[in-house]
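Engineer: Give me the fold of what follows.
(one chain, ligands or ions: 1)
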Amino acid sequence: MTANRMSIFTLLALALLVALPGGNAAADAHGAASRPTVLITGANRGLGLEFAKQYAADGWHVIATARKPAQADALNELDVRVLQLDVTDLESVAALAKSLGDAPVDLLINNAGIFPRASTIESVDYEDYMRTLAVNTAGPVLVTSAVLPNLRKGERKKIVNITSRLGSIELNSGNNFYGYRESKAALNMFSKTLAGELGPEGFIVLALHPGWVATDMGGASAPLSPEQSITAMRNVIAGLTPEDSGGYRSYDGKVEPW
Ligand SMILES: NC(=O)c1ccc[n+]([C@@H]2O[C@H](COP(=O)([O-])OP(=O)(O)OC[C@H]3O[C@@H](n4cnc5c(N)ncnc54)[C@H](OP(=O)(O)O)[C@@H]3O)[C@@H](O)[C@H]2O)c1
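Structural biologist: Here you go, the predicted model:
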């Protein structure tokens, strides 16, 4: 058999493989089979939206969540799969897991968060306080637990919790932001504990501070744009090794004090 005939046979065999049922396997409308998958919470605006934009532009299969998908105009314009999720609603979290089925998720970014500003102990409103802990701390715990079967099927096994420097006890020289600081300090503790539990399975868990960024939460005078923050955080996430698991870092890769 000549070299030419052999390559024709090889091409025919490849064409047949692609044409067979399952040859193009589980690729969904977004081509999920051939690309790494990221799941991002709170992706209809701010940092979550920019994460979705950049990962989609980089060829990832992006599953982006919003509390109100029908109103998530900027997100719906992207080539991403949009799913409903309120991280404080148990039914919504269960529905998300059900929608995912047994699809692998390589990277989970627990990004959704709120920042009520209570700067004196007397101004703390109990409902706001509990809601902050529910969204910023319990939310990532519930979501991670619900999608763990999907993360176990993923190849990269990375979980990134978007925290804040305001959650650092060591750096806290302030006298403000009751609720938010506690919620992020607890999120940091969750990250470390989770890293301990899932490390033996090959998971890498990181608490990642995005910097002070010009979003609805960060305000217009913040020094970083969402593009800058997300570009830098994506670099950190891409470079993570098992030795980094359980860490607390800033968007620029700098290790933060607990
Ligand atoms: N921006 C900063 O300077 C800064 C600094 C340090 C840390 N961070 C952290 O970075 C993350 C993103 O912040 P951001 O600046 O992008 O804030 P943002 O612009 O206010 O966006 C917050 C996102 O979280 C979503 N969200 C709020 N409550 C939710 C819930 N119960 N369930 C699901 N999603 C919910 C919001 O959805 P809706 O539109 O439906 O409300 C929105 O998509 C947060 O965890 C924040 O604490 C931000």
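Engineer: C-alpha from now on. contacts and neighbour counts both.
Structural biologist: Will do.
Engineer: Show me which residues of the stretch 151-258 of the chain sit near the ligand.
Structural biologist: Within the stretch 151-258 of the chain, the positions adjacent to the ligand are 162-164, 209-218 by CA under 6 Å from any ligand atom.
Engineer: out of the residues you listed, who has the most neighbours?
Structural biologist: Neighbour count (other CA atoms under 10 Å) singles out Thr163 as the most crowded of those, with 30 neighbours.
Engineer: any idea how far the residue nearest to Tyr180 when sequence neighbours are not counted lies from Thr163?
Structural biologist: Distances taken as CA to CA, 6 or more residues apart in numbering place Phe115 nearest to Tyr180, at 6.0 Å, with adjacent residues excluded. When distance is defined by CA to CA, to the nearest Å, Phe115 is 12 Å away from Thr163.
Engineer: now do Thr88
Structural biologist: Counting by CA to CA, the gap from Thr88 to Thr163 is 17 Å.
Engineer: Which helix runs longest in this protein?
Structural biologist: Of all segments of type helix in the chain, defined using DSSP state H, the longest is helix 180-198.
Engineer: quick one: strands adjacent to whichever helix or strand comes after that one?
Structural biologist: Next helix or strand after helix 180-198 toward the C-terminus (DSSP states H and E): strand 204-209. Strand 204-209 has the following strand partners under DSSP bridges: strand 158-162 (parallel), strand 247-250 (parallel).
Engineer: relative to helix 180-198, how tilted is strand 204-209?
Structural biologist: On the basis of axes from the mean of the first three to the mean of the last three CA atoms, to 10 degrees, strand 204-209 is oriented at 170 degrees to helix 180-198.
Engineer: got the residues of the stretch 1-150 of the chain near the ligand?
Structural biologist: 42-48, 67, 85-88, 111-114, 135.
Engineer: Just these: which are in helices?
Structural biologist: Gly46, Leu47, Gly48.
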